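Asks: Below is the sequence, then the predicted model.
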Amino acid sequence: MTTLASVFERARSEGRAALIGYLPAGFPTKEGGIAAATAMVEAGCDVIEIGLPYSDPLMDGPTIQDAVHRSLSNGTRIADVLRTVEGVAATGAATLVMTYWNPIDRYGADRFARALADAGGAGTITPDLTPEEAAPWREASAGAGIDTVFLVAPSSTDERIQAVAECCTGFVYAASLMGVTGARETVSSAAESLVKRTRAHTELPVCVGLGVGTGAQAAEVAGYADGVIVGSAFIRRLLDAPDEATGLAAVRELAAELAKGVRA
């Protein structure tokens with residue numbers, strides 16, 4: 001298993017931010033998702049977030065919702081998510097699962113944590129799990145040796161940032177804006193301030209997601225954050241592709257552009 005700590009240590013030694021890419025498992029197909037994530041790693045992604053498809057994705061914008069719908073239509077289950085993690089982790093990239101809490105709760109926290117660790121997963125991002133309710137998952141994750149990543153937002157008070165940061169291992173996910181996921185023309189001006197406020201409460205890396213979709217935006221965010229998170233832009237390349245081979249080439253091209261950006 002490649003750990004998040006080792007990823008950020010390597011990025012720091014190279015004087016750059018880490019590049020984190022997101023794709024839901026089972027999209028565009030079960031095997032195609034593994035192939036696409038592998039292409040992202042080969043073109044420069046340091047960390048891959050594998051989304052666990054969920055029928056009520058509250059913070060996901062229309063692009064990710066479309067991909068998740070296709071994944072669910074493909075019959076993707078937790079076993080497929082774990083198999084995707086195993087396939088992507090085999091590339092040497094740190095591999096996370098991004099999931100809402102309900103699927104873990106129904107599967108069993110200890111069981112899920114152990115299964116994820118056994119698949120080579122480095123940890124989870126749980127966007128809807130609050131610090132007040134996170135103790136069972138933090139305990140299960142610590143027992144399995146995987147990281148827990150939680151989110152802060154521009155609306156978070158300093159007290160809330162402190163509470164969230166105390167629950168995090170690996171890194172803190174700084175959502176650049178209030179709203180749902182999706183690539184945008186510009187990255188929210190609130191992102192840099194949020195990173196600064198978060199760093200006042202933790203020594204963990206702080207990574208920015210939501211709204212990043214180009215190499216120029218990646219370079220901008222890399223100027224003040226430890227990691228740059230990109231999801232919808234990768235998915236859009238796959239959605240717009242007429243066939244799988246074209247989609248893989250498009251994803252590879254975007255990852256290379258973003259990797260150059262975080263090194264700019």
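Replies: Received the coordinates, thanks.
Asks: what about the strands in the chain?
Replies: 18-24, 47-51, 94-98, 123-125, 147-149, 151-152, 172-175, 206-209, 227-230 (DSSP state E).
Asks: out of those, which comes closest to Ser71?
Replies: strand 18-24 (5.0 Å; CB to CB). (Glycine included, C-beta is placed from N, CA and C.)
Asks: Please enumerate residues in contact with the lowest-mean-pLDDT helix or strand in the chain?
Replies: When each helix and strand of the chain is scored by mean pLDDT, DSSP states H and E, helix 62-73 comes last, with a mean of 92. With contacts defined as CB atoms under 8 Å, 6 or more residues apart in numbering, helix 62-73 is touched by 23-28, 33, 51, 53-55, 57, 60, 181-183, 231-232, 235-236, 238-239.
Asks: can you pull the buried residues of that helix?
Replies: 63-68, 70-72 (16 or more other CB atoms under 10 Å).
Asks: which residue is nearest the middle of the chain?
Replies: Glu49 (3.7 Å; CA atoms, centre = their mean).
Asks: ok, how many other residues are close to the closest residue to that residue other than its chain neighbours?
Replies: Using CB to CB, 6 or more residues apart in numbering and skipping the chain neighbours, the partner closest in space to Glu49 is Tyr22 (4.1 Å). Neighbourhood size, Tyr22 [other CB atoms under 10 Å]: 26.
Asks: now do Lys196
Replies: Neighbours of Lys196 using other CB under 10 Å come to 11.
Asks: again with the one 4 residues further on
Replies: For Ala200, the neighbour count with other CB under 10 Å is 10.
Asks: what do you get for Thr84?
Replies: Neighbours of Thr84 using other CB under 10 Å come to 29.
Asks: just the angle between the least confident helix or strand of the chain and strand 18-24, please?
Replies: Counting by axes from the mean of the first three to the mean of the last three CA atoms, to 10 degrees, helix 62-73 lies at 50 degrees to strand 18-24.
Asks: wait, Glu244 sits on Ile34?
Replies: No - if you go by CB atoms under 8 Å, Glu244 and Ile34 don't touch, sitting 11.8 Å apart.
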